[in-house]
Structures are given as structure tokens and as C-alpha cells.
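Undergrad: sequence? don't have it. structure:
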């Protein structure tokens with residue numbers, strides 16, 4: 001015997017890029033072989049659903065199907081621009097004007113020294 005079960009759920013979550021509210025529906029299916037209790041040598045085998053007195057407990061397979069197939073990241077739209085990493089503005093509403101140039105990570109120490117000098121320090125560790 002084979003179980004074929006369609007699942008459709010509604011969800012409300014936040015966009016993975018801009019954190020705005022997102023609502024939608026998610027659909028998936030379960031295809032799982034079913035065996036009657038006592039018909040298998042090893043009933044601990046996860047390949048089969050065990051039917052007891054013509055009843056199936058679908059909580060675990062439905063939960064597993066949702067967890068395994070639900071997208072890891074939900075976006076409000078495919079071209080979502082996300083948030084500005086400097087000021088946090090939603091870039092879908094327009095540019096914020098922040099400097100978004102990437103700094104080579106190998107030069108980060110130099111940038112930190114320059115910031116210290118701009119703050120009125122001489123950049124040395126001597127007191």
C-alpha cells in the first residue's frame with residue numbers, strides 16, 4: 001500500500017532580506033509506503049508508515065515533509081534589495097546614500113588605525 005498525501009499550509013513570516021511581513025501558501029506532497037502492524041520484521045524502519053487497526057498517525061510524516069521542504073529563506077519578492085548594512089534603511093524604498101564600497105579585509109587593520117587617528121589619537125600603543 002502507498003500513501004499519497006498533499007499538504008497545503010498558509011504561513012506568515014518575515015522576508016530574509018528586508019524583514020518585512022510576508023504571507024503565502026506552501027504546498028508539498030508525501031509519498032510513503034504503508035504496512036500493517038506486525039507485517040514487517042523491523043517496524044522501527046522509517047521507510048514505512050505503520051497502520052494500526054486501519055488508522056495512520058500522520059503527525060510525524062506531515063511535520064517532516066513541511067520541515068524538509070519549506071524554503072530556508074522566504075523573500076517578499078524575488079528582486080528584494082534588503083537593508084542597507086550601514087544605516088538599516090529598506091533599500092526597496094529607495095537608496096539611502098550610504099557609502100557601500102567594500103574594503104579589502106586585508107586592509108581592515110589600516111582602516112582601524114586611520115579611524116583612531118581621526119578621533120584625535122596618535123595611533124600608537126604608548127601611553
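TA: That came in fine, so what should we check first? The structure displayed is predicted, hence computed values, not measured ones.
Undergrad: From here on, just use CA atoms for contacts and neighbour counts.
TA: OK.
Undergrad: what domains does the record give for the protein?
TA: The chain breaks down into these domains under automatic domain parsing: 2-69, 84-122.
Undergrad: mind putting those in JSON lines, distance to residue 77, mean neighbour count and mean pLDDT included?
TA: Formatted as JSON lines, the domains of the chain follow (distance: least, CA to CA, whole Å; neighbours: other CA atoms under 10 Å; pLDDT from 0 to 100):
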{"stretch": "domain 2-69", "distance to residue 77": "9", "mean neighbour count": "13", "mean pLDDT": "88"}
{"stretch": "domain 84-122", "distance to residue 77": "10", "mean neighbour count": "11", "mean pLDDT": "82"}
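Undergrad: Turn the ones you listed into JSON lines, including distance to residue 76.
TA: Shown next, in JSON lines, are those (distance: least, CA to CA, whole Å):
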{"stretch": "domain 2-69", "distance to residue 76": "5"}
{"stretch": "domain 84-122", "distance to residue 76": "10"}
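Undergrad: Check the secondary structure at the residue most central in space within the chain for me.
TA: For the chain, residue 72 is the residue whose C-alpha lies nearest the centre (CA atoms, centre = their mean; 3.1 Å). Per DSSP: H, G, I helix; E, B strand; the rest coil, the local secondary structure of residue 72 is coil.
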